[in-house]
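> predicted model, plus sequence, below.
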Amino acid sequence: MKPTIEELKQVDLLAHMDDGHYVELCDILERESKKSGELLIENGAHTKEVFFILHGRVQIELIPTIGQAPRDICVLHAGESVGELQLAKDVARTTNARAKGNVTYLKCHKDKLAQFLE
């Protein structure tokens, strides 16, 4: 299901666009959900997506060294995003992003976003 323009306006990074841009974004964003404890982003992964949280909370966890337990850094809420660094750099993910309760979010691949911004 595509996001609505009203949902996009609730995302901090997207809040100041005109309606024409929102219509275009609706075509490139994918709505997904995770259950409590599931990972959106895994430390060390080479993925190229950004996630915009619509509903729920996402725990950001730092893995100090391989084999050690994760350390909680912060909790992100509806309207916030995670994964923006991978839009600018091609580096491995440096944290886990874990659903803290059920989470609904929009996912966008770097290549699709780059085409939108051209």
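Sure, I can see it.
> which residues are in contact with the nearest residue to Leu13 once chain neighbours are set aside?
Leaving aside its sequence neighbours, Leu13 sits nearest to Ser81 (Cβ to Cβ, 6 or more residues apart in numbering; 5.4 Å). From N, CA and C alone the C-beta is placed, and that goes for glycine too. Residues in contact with Ser81 (Cβ atoms under 8 Å, 6 or more residues apart in numbering) are Val11, Asp12, Leu13, Val50, Phe51, Phe52, Ile53.
> what's the first helix or strand after the longest helix anywhere in the chain?
Counting residues, the longest helix in the chain under DSSP state H turns out to be helix 19-28. Beyond helix 19-28 on the C-terminal side, the first helix or strand identified by DSSP states H and E is strand 30-34.
> which parts of that next one are buried?
Lys34 (16 or more other Cβ atoms under 10 Å).
> hmm, Asn96 and Gly37 touching each other?
No. If you go by Cβ atoms under 8 Å, Gly37 and Asn96 don't touch, sitting 10.9 Å apart.
> put the alpha carbons of the longest helix of the chain into CSV.
In CSV, the C-alpha atoms belonging to helix 19-28 read as follows (Å, rounded to 0.1, in the frame of the first residue of the first chain):
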residue,chain,number,x,y,z
ASP,A,19,2.4,18.5,-2.8
GLY,A,20,3.8,17.7,-6.3
HIS,A,21,6.9,16.2,-4.7
TYR,A,22,4.8,14.2,-2.2
VAL,A,23,2.9,12.6,-5.1
GLU,A,24,6.3,11.5,-6.7
LEU,A,25,7.6,10.2,-3.4
CYS,A,26,4.5,8.1,-2.9
ASP,A,27,5.6,6.1,-6.0
ILE,A,28,9.1,5.3,-4.7
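> which helices and strands does that helix pack with?
helix 5-9, helix 110-117 (3 or more Cβ pairs under 8 Å, 6 or more residues apart in numbering; DSSP states H and E).
> any idea which of the ones you listed scores lowest on pLDDT?
Lowest mean pLDDT within the helices and strands packed on helix 19-28: helix 110-117, a mean of 83.
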